[in-house]
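Engineer: Attaching a predicted model along with its sequence, questions to come.
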Amino acid sequence: MQRNKLGRTRKIYRPDAKLSYQIACLQGMGTRERQEDSLGLSDYQNVFDVQKKGLLAVLSDGMGGMEDGKRVSRATVDLCLELFSPFMPDIPKGLREGLCSVNRRVHAQFGGRGGATLVLVKIHEERLWWCSVGDSALFLKRGNLLLRLNEAQNLRNQLYLKEIFSGSAIDKARADADPDAARLSEFIGNTELGDLEYSRLPLKLEEDDVLLLCSDGISDAIGDIKIALALNHPPGRACDCMEGFVSELRRPNQDNYMAIVIRCAR
């Protein structure tokens, strides 16, 4: 299992604000032959730029079985850094229009032959905004609570809803057993996006809040309990813990995995 940790934990000092941000990143290939996940961050070491435009973090997982997932995920991240990094006077509108623009441009570049997931956070004036497409996850750990803020856009969740509204006894195992359960219902690079996942209102961040953006190579592999345990530690150590949990499982078909951990601190 190959691993490459990107950077060290860093702290942004904001003299006119209450919170600073500590960031660490993690990536690994699992048992795959190549890495198809990509991530990106705005210039988080530039204090004045963060104060003016906010902090941006984005992660994308290239879809296996389609054309060159790495190129598609990298293009998705680069477009997000281009479109979402500048100051947005109307952030919800910017997220909505930006998602559609990223999808259109990726579809035009790859002709619908490639796809990727997307999960993105923008922190501005100590408030969290986010958007996502596909099944890459966004978690918030606050105190002893671990909350997933976005919904996995895949067939499994659609089957869960079908079970709920069927009027008969809910059988979660039946949905989980479907061979296509992991198939994405939405992805970047599709002809169009039918269901836009983005925050209409911001979430006020607090001291010791921890955000985790991760591909399903982490969220599906180690689960919520181990994620919560890892996020009890500072970002760099949290990445070490998550990689340790992945390694301990020794899954023969371990997917690529990637994560960005952001801790809010005084």
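Structural biologist: Structure's in. What do you need?
Engineer: Going by C-alpha atoms from here, please, whenever you check contacts or count neighbours.
Structural biologist: Will do.
Engineer: Just list what the longest strand along the chain packs against, helices and strands only.
Structural biologist: Counting by DSSP state E, the longest strand found in the chain is strand 20-30. When contacts are defined as 3 or more Cα pairs under 8 Å, 6 or more residues apart in numbering; DSSP states H and E, strand 20-30 sits against strand 2-4, strand 10-11, helix 235-249, strand 257-265.
Engineer: Can you get me the start-to-end distance on stretch 48-62?
Structural biologist: Distance between the boundary residues of stretch 48-62 (Cα to Cα, to the nearest Å) amounts to 33 Å.
Engineer: Check what pLDDT the closest residue to residue 55 other than its chain neighbours gets.
Structural biologist: Closest residue in space to residue 55, ignoring its immediate chain neighbours: residue 123 at 5.0 Å, by Cα to Cα, 6 or more residues apart in numbering. For residue 123, the model assigns a pLDDT of 96.
Engineer: If you count neighbours, what's buried in the lengthiest helix in the chain?
Structural biologist: Using DSSP state H to define each element, the chain has its longest helix at helix 91-110. Using 16 or more other Cα atoms under 10 Å as the burial criterion, the residues of helix 91-110 that qualify are 91-92, 95-96, 98-100, 102-107, 110.
Engineer: now do stretch 121-140
Structural biologist: Along stretch 121-140, the positions that meet the burial threshold by neighbour count (16+ other Cα under 10 Å) are 121-126, 128-140.
Engineer: Equivalent analysis for stretch 258-266, please.
Structural biologist: 258-265.
Engineer: Now the two most distant members of the residues you listed.
Structural biologist: Across the buried residues of stretch 258-266, the two members that end up farthest from each other (Cα to Cα) are 258 and 265, 23.0 Å apart.
Engineer: thinking again about what came up before, what comes into contact with the longest helix of the chain?
Structural biologist: Residues outside helix 91-110 that contact it (Cα atoms under 8 Å, 6 or more residues apart in numbering) are 72, 75-76, 79-80, 83-84, 88, 113-114, 129-131, 188-193, 196, 198-201.
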